[in-house]
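In: Have a look at this prediction, sequence included:
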Amino acid sequence: MSESFQTQAIHAGYDPLVNGRIAAGVSDNLIRLSIGLEDVNDLIADLDQAIAAAY
């Protein structure tokens, strides 16, 4: 079972989605990886590309 949480507030002020995410221990700096049976070099290249694009 997996959970997904939105990181953008929908309503001004109190946002139950954000509060639920925080209560579940999902912080803004959490990195979630979903890895299947890809080649390890492909995974490393994908992560390098994503990190470079983010910074």
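Out: Perfect, I can see it now.
In: Okay, and Val18 sits in which element?
Out: Using DSSP states H and E, Val18 falls within helix 16-23.
In: what helices or strands is that helix leaning on?
Out: If you count contacts as 3 or more CB pairs under 8 Å, 6 or more residues apart in numbering; DSSP states H and E, helix 16-23 packs onto no helix or strand. All C-beta spots, glycine's among them, are computed from the backbone N, C-alpha and C.
In: Any idea how far the next helix or strand after that helix is from the middle of the chain?
Out: Next helix or strand after helix 16-23 toward the C-terminus (DSSP H and E): helix 40-54. Counting by CA atoms, centre = their mean, to the nearest Å, helix 40-54 is centred 15 Å from the centre of its parent chain.
In: Show me the contact partners of helix 40-54.
Out: Ile35, Glu38 (CB atoms under 8 Å, 6 or more residues apart in numbering).
In: now it: mean pLDDT?
Out: Averaged across helix 40-54, the pLDDT comes to 92.
In: what does stretch 17-33 give?
Out: For stretch 17-33, mean pLDDT rounds to 80.
In: any idea how far stretch 29-48 is from the chain center?
Out: Distance, stretch centre to chain centre, for stretch 29-48: 13 Å (CA atoms, centre = their mean).
In: now do stretch 48-55
Out: For stretch 48-55, the separation from the chain centroid amounts to 14 Å (computed by CA atoms, centre = their mean).
In: Dump the helix holding Val18 to CSV, restricted to CA.
Out: C-alpha atoms of helix 16-23 as CSV (Å, rounded to 0.1, in the frame of the first residue of the first chain):
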residue,chain,number,x,y,z
PRO,A,16,-6.1,19.3,6.1
LEU,A,17,-4.0,17.7,3.4
VAL,A,18,-0.8,19.4,4.5
ASN,A,19,-1.6,18.8,8.2
GLY,A,20,-2.3,15.1,7.4
ARG,A,21,1.0,14.8,5.5
ILE,A,22,2.9,16.4,8.4
ALA,A,23,1.2,14.2,10.9
